[in-house]
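K.L.:
Mind folding the following:
(chains A and B)
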Amino acid sequence: MSVTAADVRAWIDAYAQTIAEHRVELVKLDTAIGDGDHGTNMDRGMRAAMEKLGAGDGDDIGALLKTVGMALVSKVGGAAGPLYGTLFLQMGMATAGRAELDLAGWAAALEAGVKGVQARGKAEPEDKTMIDALLPALSALRAAEGDGAELGDALRRSADAAEEGMKATIPLEARRGRASYLGPRSIGHQDPGATSAHLLLRAAAETFGR
Amino acid sequence: MKKLINDPDAVVREALEGIEAAHGDRVRVIHDPAVIVRADAPVQGKVGIISGGGSGHEPMHGGFVGRGMLDAACPGEVFTSPTPDQMLEATKAVDGGAGVLHIVKNYTGDVLNFEMAADLAKGEGVEVEAVVTNDDVAVQDSLYTAGRRGVGITVIAEKICGAAAEEGKPLADVAELCRKVNGQGRSMGMALTPCVTPGSGEPSFELADDEMEIGIGIHGEPGRYREKLAPAADIVDRLATAIVEDLPYESGDRVLAFVNGMGGTPLIELYVVYRELDRILKDRGIGIDRRLIGNYITSLEMAGCSITLLKLDDDLTRLWDAPVDTPALRWG
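P.N.:
The predicted model follows:
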């Protein structure tokens, strides 16, 4: 079982749909500890990404991911634009010219993306950011790879780890991003960035794991 | 919430079209990507200065584009940082061969997007320096947080650096001046009401009739402390004390005092605030040499104010007094 360019398109499409469905929820989470625009911005960005991808049928996964990254960088704004943009751009560079990815290839792409996000945003684990969903997801993926797990199973474990990481942001005090201005008042709220990152990995598990 | 708009999704674009129609003699508006540029840009041999940030803070930054201040401003969506393609477009539009200064408010989104834009501009051969303002004393500064927000000092830095660029100062000097203004400036704000973004239609936070938020930023985010409403004298004392003791400003210092309205507070109340600030600073032996009072960095219709102090010297005072000709700030 592997991930093809058509699967990647389906994943982007599924993520755009899930972001649209969760737009209000993301706005509410962000209103509690940020400025309330995360859902709106991500929705605008993913719609732009879908438009840019168009009906093309190229089979270069790297090119697809780079197109998504550039669309997010130029349409999302806020912190999420450069961060999600960098995630996809780095994943795109790691998969340039590839028409198919096995589990190791997908893990390497995600690792490049997550490293890019860390380099751009300089967030550490437990800063209450998207990193708190992405890093556990990556670790779970690597662990599954080590166990010799099937792609679908590995992706589910990865999405589950992202979900746990997302929920674990609730008791944290934010140390990065706009939520950090609230200090202790940020405690008790789930991080919107970790939430949208979990949705991204859940969409991957549901699309690629079929 | 009632708003004087046509379509929540079109507010930023329609406002830009209004600015273009109203101030076409001073600025021109590029629509895709959105940038407000000084009409005569690029000025050959002059350092270009750009800034940018979410919309909803008008007149900042677009209202400060013109001779003696900004060369271009990048408006984002409401309360959302603009994007690197806008900043790149602005940078190229104002580069007169002497390089471009990016004045960036310390908000994570603004900083990340300007960093990407600076990388892109350098890749295209434009010399860029970026200075991040971070004057908000309501936020504890720490290596482990996003650091202090850039607020009121940003407008003052744009004015003073704009004057220096107009005098023909090189990029390194204008950037150094910007760091100096930021280093000698401190701000703090408070809100009586939240604000409502056109997109969400919901208040940015809930506040009871007898409550206020102390230590707010400029994006409708809640403050550091929620308290019972107090008389203006007590509120201003609270803000001014935090500001004065942070730098600290000391007896004998001369300052520029900036009393800023958040958009929904009438000028009469801002003058009450100024009266209290004047009294408090006099008691501490600090003299107000220059002042700016009005709505310059707003948060949509939020009621409240912020106070900014800048410690002055002869050079800064002269640059503040230098002629400026923008839609929102004009003298000399």
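
K.L.:
can we go C-alpha only for contacts and neighbour counts from here?
P.N.:
OK.

K.L.:
where exactly do the helices run in chain A?
P.N.:
Counting by DSSP state H, chain A has helices at residues A:5-21, A:23-33, A:38-53, A:61-75, A:80-94, A:103-121, A:131-146, A:151-167, A:192-208.

K.L.:
Quick check: which of those helices is buried the most?
P.N.:
Mean neighbour count (mean count of other Cα atoms under 10 Å in any protein chain shown) peaks for helix A:80-94 among the helices of chain A, with a mean of 27.

K.L.:
what comes into contact with it?
P.N.:
The contact list for helix A:80-94, computed with Cα atoms under 8 Å, 6 or more residues apart in numbering or on different chains, reads A:38, A:42, A:45, A:61-75, A:108-114, A:116-117, A:120-121, A:193, B:83, B:109, B:112-113, B:116.

K.L.:
Name all residues that make contact with the residue of the stretch 51-200 of chain B found nearest chain A.
P.N.:
Among the residues of the stretch 51-200 of chain B, residue B:109 lies closest to chain A, at 3.6 Å counting by Cα to the nearest Cα. Applying Cα under 8 Å, 6+ apart to residue B:109 gives the contacts A:77, A:78, A:79, A:80, A:81, A:82, A:177, B:80, B:81.

K.L.:
cool, and residue B:127?
P.N.:
Counting by Cα under 8 Å, 6+ apart, residue B:127 touches B:98, B:99, B:100, B:121.

K.L.:
same thing but 6 Å
P.N.:
Taking Cα atoms under 6 Å, 6 or more residues apart in numbering or on different chains as the criterion, residue B:127 is in contact with residue B:99.

K.L.:
So residue B:132: helix, strand or coil?
P.N.:
Three-state call for residue B:132 (DSSP: H, G, I helix; E, B strand; the rest coil): strand.

K.L.:
what about the residue lying closest to it once chain neighbours are set aside, which SS state?
P.N.:
Closest residue in space to residue B:132, ignoring its immediate chain neighbours: residue B:104 at 4.7 Å, by Cα to Cα, 6 or more residues apart in numbering or on different chains. Secondary structure for residue B:104, judged by three-state DSSP, is strand.

K.L.:
Hmm, residue B:104 is touching residue B:135, no?
P.N.:
No - using Cα atoms under 6 Å, residue B:104 makes no contact with residue B:135, being 11.9 Å away.

K.L.:
More neighbours: the two, which one.
P.N.:
Between residue B:104 and residue B:135, counted using other Cα atoms under 10 Å in any protein chain shown, residue B:135 has the larger neighbour count: 29 against 24.

K.L.:
Now the residue nearest to residue B:16 when sequence neighbours are not counted, what are its backbone angles?
P.N.:
Of all residues not flanking residue B:16 in the chain, residue B:29 sits nearest, at 7.1 Å (Cα to Cα, 6+ apart). Dihedral angles of residue B:29 (phi, psi; degrees, to the nearest 10) stand at phi -110, psi 130.

K.L.:
rewinding a little: among the helices of chain A, which comes closest to residue B:92?
P.N.:
Residue B:92 lies closest, by Cα to Cα, to one member of these: helix A:61-75, at 16.7 Å.

K.L.:
Right, I'll leave it there.
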